[in-house]
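generate a structure from the sequence data that follows.
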Amino acid sequence: GPIPLSIYQLVRKFMFHVEHNMLIGSISSFINNLTSLEE
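Take a look at the predicted model:
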């Protein structure tokens, strides 16, 4: 049957949170690499 909208919204929110954390992590590691190269 059709997925309840609340579960769909919950999954969307979870996926957005995971992607956001991955984006922040990759940006922070990229900045760390730049700063380590400058030393």
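
going forward, measure contacts between C-alpha atoms and count neighbours the same way
Fine.

what is the mean pLDDT for stretch 21-31?
Averaging pLDDT along stretch 21-31 yields 96.

off-centre distance for that stretch?
9 Å (CA atoms, centre = their mean, to the nearest Å).

and if you look at stretch 30-39?
Centroid separation between stretch 30-39 and its chain, computed with CA atoms, centre = their mean, is 22 Å.

just stretch 1-15 next, same as before
Its chain's C-alpha centre and that of stretch 1-15 lie 18 Å apart, by CA atoms, centre = their mean.

ok, stretch 5-25 next?
Taking CA atoms, centre = their mean, one finds stretch 5-25 lying 8 Å from the centre of the chain it belongs to.

convert the C-alpha atoms of it to PDB, please.
Listed in PDB are the C-alpha atoms of stretch 5-25, where the atom choice follows Å, rounded to 0.1, in the frame of the first residue of the first chain:
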ATOM      1  CA  LEU A   5       3.100  10.700   4.600                       C
ATOM      2  CA  SER A   6       4.500  11.000   8.100                       C
ATOM      3  CA  ILE A   7       6.900   8.200   7.500                       C
ATOM      4  CA  TYR A   8       7.900   9.600   4.100                       C
ATOM      5  CA  GLN A   9       8.600  13.000   5.700                       C
ATOM      6  CA  LEU A  10      10.600  11.300   8.500                       C
ATOM      7  CA  VAL A  11      12.800   9.500   5.900                       C
ATOM      8  CA  ARG A  12      13.200  12.700   3.900                       C
ATOM      9  CA  LYS A  13      14.200  14.600   7.000                       C
ATOM     10  CA  PHE A  14      16.700  11.800   8.000                       C
ATOM     11  CA  MET A  15      18.200  11.700   4.500                       C
ATOM     12  CA  PHE A  16      18.600  15.500   4.500                       C
ATOM     13  CA  HIS A  17      20.300  15.400   7.900                       C
ATOM     14  CA  VAL A  18      22.700  12.700   6.800                       C
ATOM     15  CA  GLU A  19      23.600  14.500   3.500                       C
ATOM     16  CA  HIS A  20      24.000  17.700   5.500                       C
ATOM     17  CA  ASN A  21      26.400  16.000   7.900                       C
ATOM     18  CA  MET A  22      28.400  14.400   5.100                       C
ATOM     19  CA  LEU A  23      28.700  17.800   3.300                       C
ATOM     20  CA  ILE A  24      29.900  19.500   6.500                       C
ATOM     21  CA  GLY A  25      32.400  16.600   7.100                       C
END
